[in-house]
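Asks: generate a structure from the sequence data that follows.
(chains A and B)
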Amino acid sequence: GAGVSQSPSNKVTEKGKDVELRCDPISGHTALYWYRQRLGQGLEFLIYFQGNSAPDKSGLPSDRFSAERTGESVSTLTIQRTQQEDSAVYLCASSPRGLSSPLHFGNGTRLTVT
Amino acid sequence: DQQVKQNSPSLSVQEGRISILNCDYTNSMFDYFLWYKKYPAEGPTFLISISSIKDKNEDGRFTVFLNKSAKHLSLHIVPSQPGDSAVYFCAASRGYNFNKFYFGSGTKLNVKP
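Replies: The predicted model follows:
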């Protein structure tokens, strides 16, 4: 079965440009998470979606960051007017409905802002 | 404010010996804990979990211990193998519902042949 798929795997962009990162969760997984890992650091929570509930956006670092999710499928993370400090690996994870379940991660999108 | 901490950024162990990775947390409301393993250029993969009603969970060579009073958990790998060389993250969440998972900063394990 397919795992969590993220695209692109790598993205190099100029400072000030907008970028859009995509995540295809595992089919049937109702929860979807975005995390960020900067070089040498741990995973930083950004946002999570659970079904049709309002997303938990408490981890988004600024209003330049936004994310959407269509139902229980694809999610996109958009970063507007990128800055060099946005350079990181952006990881998407999904989780099935039910009692505490581990997250299934994609391979991430490595974003480099020049 | 980091609620989950891994104070050892790296650990080196000889093949066949025990690897012990440690993790501390500050939020006493956390009741579900996980360990993930991450290879370069890949996403983290789930390794083992433990709920707060237990103090030990074992899966093959991997055992997780939870000390709630000390707010401490550890991952034991016995015997360690070179293929175990990776970055290990501990994570915690609160409640048996969908919540944020808080991750530590990771410990890079190197198992020497």
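
Asks: how far does the helix or strand of chain A with the lowest mean pLDDT sit from the chain's center?
Replies: Ranked by mean pLDDT, DSSP states H and E, the helix or strand of chain A with the weakest confidence is strand A:43-50, at a mean of 91. On the basis of CA atoms, centre = their mean, to the nearest Å, strand A:43-50 sits 7 Å off its chain's mean C-alpha point.

Asks: which strands and helices sit next to that strand?
Replies: Packing partners of strand A:43-50 (3 or more CB pairs under 8 Å, 6 or more residues apart in numbering or on different chains; DSSP states H and E): strand A:31-37, strand A:65-69, strand A:75-79, strand B:102-103. Every C-beta, even on glycine, is put in place using the N, C-alpha and C of the backbone.

Asks: pairing partners for the shortest one, with directions?
Replies: Right, the one you point to is strand B:102-103. Strand B:102-103 has its sheet partners listed here by DSSP bridges as strand B:86-93 (antiparallel).

Asks: quick check: residues of chain B near chain A?
Replies: By CB under 8 Å from any CB of the partner chain, the residues of chain B that approach chain A are B:2, B:6, B:32, B:34, B:36, B:41-46, B:49, B:51, B:89, B:91, B:93, B:96, B:98, B:100-106.

Asks: restrict the residues you listed to the buried ones and give me that as a ChimeraX selection.
Replies: This is how ChimeraX selects the buried members of these, with burial counted by 16 or more other CB atoms under 10 Å in any protein chain shown:
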select /B:6,32,34,36,43,44,46,49,89,91,93,98,100,101,102,103,104,105,106
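
Asks: look up which residues are beta-bridged to residue B:76.
Replies: Beta-bridge pairing for residue B:76 (DSSP bridges): residue B:20, residue B:63.

Asks: nearest residue to the one residue sitting closest to the centre of chain A other than its sequence neighbours?
Replies: By CA atoms, centre = their mean, chain A has its centre lying nearest to residue A:34, at 3.2 Å. Leaving aside its sequence neighbours, residue A:34 sits nearest to residue A:46 (CB to CB, 6 or more residues apart in numbering or on different chains; 4.2 Å).

Asks: go on, residue B:56?
Replies: Excluding its sequence neighbours, the residue lying closest to residue B:56 (CB to CB, 6+ apart) is residue B:65, at 5.5 Å.

Asks: save the helices and strands packed on strand A:43-50 as CSV, and put in mean pLDDT and distance to residue A:55 too.
Replies: Formatted as CSV, the helices and strands packed on strand A:43-50 follow (pLDDT from 0 to 100; distance: least, CB to CB, whole Å):
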stretch, mean pLDDT, distance to residue A:55
strand A:31-37, 93, 9
strand A:65-69, 96, 7
strand A:75-79, 97, 9
strand B:102-103, 90, 18
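
Asks: now the ones you listed in CSV, with distance to residue B:77?
Replies: Formatted as CSV, those follow (distance: least, CB to CB, whole Å):
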stretch, distance to residue B:77
strand A:31-37, 23
strand A:65-69, 35
strand A:75-79, 34
strand B:102-103, 19
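
Asks: how about those, which one is nearest residue B:13?
Replies: For the helices and strands packed on strand A:43-50, proximity to residue B:13 was assessed by CB to CB; strand B:102-103 is nearest, at 22.4 Å.

Asks: any chance you could map the strands in chain B?
Replies: Ranges of strands in chain B, per DSSP state E, are B:4-5, B:10-14, B:19-25, B:32-38, B:45-51, B:56-59, B:62-67, B:72-77, B:86-93, B:102-103, B:107-112.
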